[in-house]
Structure formats: structure tokens, C-alpha cells
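Undergrad: Fold the stuff below for me.
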Amino acid sequence: MGWDFERLDEVFAMLGQTGRHLLLHGLLGLLLSLFLAACDSGDVAVEEVTIYTSVDQHFSEPLFRRFEQVSGVRVRPVYDIEAAKTTGLVNRLIGESKRPLADVLWNGEVSQMRRLAEHGVLAIYRPKRLPEGVALGPKGRWLEFGGRVRVFIINRQRLGSRPPPTSIVDLLDPRWQGGDIAIAYPLFGTTATHAVALAEVWGVAPTLDFFSQLERRGIRFVDGNSVVRDLVVSARAVFGLTDTDDACGAVARGEPVFATFPDQGAEGMGALVIPNSVGLIEGAPHEEAAKRFIDFVIGEEATALLAQSGWLYVSGRQVVADPDCRLPARLKRMSLPSGLDAEALDRLRRDLRDVIVR
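TA: Sure thing, here's the model as predicted:
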């Protein structure tokens, strides 16, 4: 059937000027809808980046959305499973190393990056500009920035008039009963990272002896930093060792607790900072978009956003935590020699598992 153009002319004449404008706008709207649908279906190329991350979704997702706004790059995040923590993502990346699916790993800690580097999973990337407080990992295989701090969380009422603990070794002080102190099992998460750090400073044998003494004293080993926080908040423990996000969150809610940095004295080894780390995946399918995200996440805007959200608490030696947490403005950081290779770290974890009977 052919087009009756004379009939069409009559229809346009009947519509009048206003009607023709409405018809034209409707056709344009239809074309725009079809174009957007094509974009969503993948018919129109949109730059994207796949990011594996162990950073909790309620902290990382707003930053992903902001990166999309300023870059035009679509972020496809893959989050870890809480039970497996970062280890699950690391094993997945190693398994995918022949045909990588991820472009970037953004990690809430740093200890597993060494393992990935030794497996050839991480590519060398050195941004043209490193903001203050950002450090390159060995051979430029990853970058470290910001971070949380290992702190004491202390119940004011249970502490009473006694002086608070000031050092990690105070966990062995006989003036405290074993049940007065809580710490997460040093097998996963940031407590495992802390155990590794102690082994690098003290040596493996003294570190194993330290945790063995804690176990014999009846220190309360529990399933995670949040459980430590809850025990101290509820006054079932006088103090515990946890991270700034848990401790400062309790302070912000008005709980009867306060937080302090350990080992800040002249002879103290400093408090352990758990930095974020970010690395470019070797053979990343979207390498340029990956580099743009890395440049963004280590930058000043991202640092400010993550500090406001309660994820980052330090940048370099500067404390960027919410003032309500009442932490000191400056921090003496624990200096790590990075002398343990991946095999030594694995042995340490196995030995700790033998020491700490669950």
C-alpha cells in the first residue's frame, strides 16, 4: 500500500500550527526514547569500568555515583561477601588472571595486595600526580591512601578513676582481668592485618607468644570488631581493640565510650593505620577508564567524601575524622618494614589459628 501524500497534506492543514508543533514534539520525544533505549541495551557504546571492592557498599556506592557524574564512565561494581571479606575477591581475581574481567581492585586494607602482586594480577600504574598522603606500593603495583586506625574503645563507667590503657602491651597488664578486654580473632579482617604488622615489627615468634599469652589470660576473642564495640558499649568489657569506624560511630551515637590511639608516646611504636589500597588489574579490559577511576579515588574530592561518610579517618599523618569523635589532630603511625613475604604471612596465619582455639 502506497502513501497518500495528498491526504497527508489535508491532515496537516486541519491540525493547524499548534497541532503541527505538538505532533513534531511528540515525534522528537519518540526518537529520544528510542535512542535512550538503544543506549541501555548496549547498541550505543558507553564507556564503563568494572571495580571489585571490599569497601562496604554504603560507603563506596556514593563515590561511584559521583565518579560517574564527573567522568561520564559507568561503574559496574562487584562487592565482596562479608563472610569471606577481601579473601574472596582476591581468590576470584587470581582465578580470572588469564582472562581478567575486572579493571580495578579497591580494597579496604592492604595486606592482600602483596599476594595479588606476587601472582601477577596487578599492573604497574604510577599516576602523574600523587596527592599528599598517597603512597605507591612496591614497584608501583598499587597505591595506598587514607585509612582507618586501630584504636582502643573504652567504657567510661567501667574504667572509673583508673588510667586508661595506652599501649598494645597493656593487654597483658595484670591490673586488667582477662574478661575485661575484648579483641577480634586475629585470623580475618583488620585484626589479622594488625597481627601481621606486629610480626613485622616484633618478629613472628614474639608475636605468636603475645597472642598465646592473651589466650592464656582469658582475653575475650570474638567474631569481629563490631562485637568488640558492642561488648564495650554494653559495659560487658572495660575496653577493646577495634577500628575507628566502629569506635567513632559509637561515640557519635552518644554511647558512654571514648577512643584513643595506642602507643603514641616517645618510645611507642605508633598506632596501626589500615590504609585503603587501589590497583590496576593486569590486562584490564577498560584500562583507560580504570586509570581515570584510580586518579579520582586517590584525589582530594574523594578523600573528603569518604571522610564525611565515616570511612576514612586519616590522610597521611593528618586526622580527618569527625571532630565529635574527639581524636587527637595528629597521629604517630606504626612504621612497617614490610619484611615478610606471602609464604611467611601464610605460615603466620596458620600458626595463629593453632594458638587461638575457637
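
Undergrad: mind giving me the domain ranges of the protein?
TA: If you go by automatic domain parsing, the domain ranges for the chain are 1-44, 48-147+274-324, 149-272+342-355.

Undergrad: Now the weakest link among those domains, please, by mean pLDDT.
TA: Between the domains of the chain, the one with the least mean pLDDT is domain 1-44; it has a mean of 52.

Undergrad: For Arg292, give its distance to Ala205.
TA: 46 Å (C-beta to C-beta, to the nearest Å). Glycine gets a C-beta too; all of them are placed from N, C-alpha and C.

Undergrad: Phi and psi next, for Val78.
TA: For Val78, the backbone dihedrals are phi -130, psi 120 (criterion: degrees, to the nearest 10).

Undergrad: do Glu47 as well
TA: According to degrees, to the nearest 10, Glu47 has phi -60, psi 140.

Undergrad: So it is in contact with Arg76, correct?
TA: No: with contacts counted by C-beta atoms under 8 Å, Glu47 stays clear of Arg76, the gap being 11.4 Å.

Undergrad: Find the residues that touch each one of the two.
TA: Contact criterion C-beta atoms under 8 Å, 6 or more residues apart in numbering; residues shared by Glu47 and Arg76: none found.

Undergrad: more crowded one of Arg292 and Ala205?
TA: More crowded of Arg292 and Ala205, by other C-beta atoms under 10 Å: Arg292, with 18 against 10.

Undergrad: List the residues that contact that one.
TA: Listed by C-beta under 8 Å, 6+ apart, the contact set of Arg292 reads Val49, Ser71, Val73.

Undergrad: Which one (most neighbours) among those residues?
TA: Going by other C-beta under 10 Å, Val49 tops the contacts of Arg292 with 27 neighbours.

Undergrad: ok, now which ones touch the residue lying closest to Gln177 once chain neighbours are set aside?
TA: Spatial nearest neighbour of Gln177, chain neighbours left out: Gly218 (7.7 Å); criterion: C-beta to C-beta, 6 or more residues apart in numbering. Contact analysis of Gly218 by C-beta under 8 Å, 6+ apart lists Gln177, Gly178, Gly179.

Undergrad: And the first one, how far from Thr242?
TA: According to C-beta to C-beta, Gln177 and Thr242 sit 19 Å apart.
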